[in-house]
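K.L.:
build the 3D model from these lines:
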Amino acid sequence: MYAIIETGGKQYRVQEGDMLNVEKLPAEAGEVVEIDKVLAVVNGEEIKIGTPMVQGAKVILKVLRSGRDKKIIVFKFKAKKNYRRKQGHRQPFSQVLVEKIES
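P.N.:
Below is the predicted model of the structure:
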């Protein structure tokens, strides 16, 4: 059984027991979060596709930790104009464990 959920403006295909990094959630480590933006649920041959969300379906996630990704460098440069700008960015994330898919 798997589901397709939306969180943080992105879509993820999840199964029970999966660990994944999603956009930072407003929850502390150890807390349980319910995601009700379920786009599709597949259970063997049975497929439920929402328009746009599946009614009554939810995915229960447990927040394991929050952190920040590796730094990426944003470097802007214009030739022959002495224009250089260097900026770093670290995207915050929450590592979650998929505990249960309810349809």
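K.L.:
surely K70 meets H89?
P.N.:
No: K70 is beyond contact range of H89, at 10.1 Å (criterion: CB atoms under 8 Å). For the C-beta atoms, the positions are set from N, CA and C on the backbone; glycine is no exception.
K.L.:
okay, those two: which has more neighbours?
P.N.:
Neighbours per residue, other CB atoms under 10 Å: of K70 and H89, the larger number sits with H89, 10 against 6.
K.L.:
surely A29 and S66 touch.
P.N.:
Yes: A29 lies in contact with S66 (CB under 8 Å); the separation is 6.7 Å.
K.L.:
between these two, which has more neighbouring residues?
P.N.:
Per other CB under 10 Å, whichever of A29 and S66 has more neighbours is S66, with 17 against 11.
K.L.:
of all residues in the chain, which one is nearest the centre?
P.N.:
The residue lying closest to the centre of the chain (CA atoms, centre = their mean) is V22, at 2.8 Å.
K.L.:
do you know how far that residue is from K62?
P.N.:
12 Å (CB to CB, to the nearest Å).
K.L.:
and what of I101?
P.N.:
Counting by CB to CB, the gap from I101 to K62 is 13 Å.
K.L.:
compare neighbour counts for those two and give me the winner.
P.N.:
Shown here are I101 and K62; by other CB under 10 Å, I101 has more neighbours (21 against 17).
K.L.:
contacts for stretch 83-99, please.
P.N.:
With contact meaning CB atoms under 8 Å, 6 or more residues apart in numbering, stretch 83-99 is reached by 14-25, 27, 32-33, 59-77.
K.L.:
sitting in helices, which of the residues you listed do you find?
P.N.:
Among those, no member is found in helices (DSSP state H).
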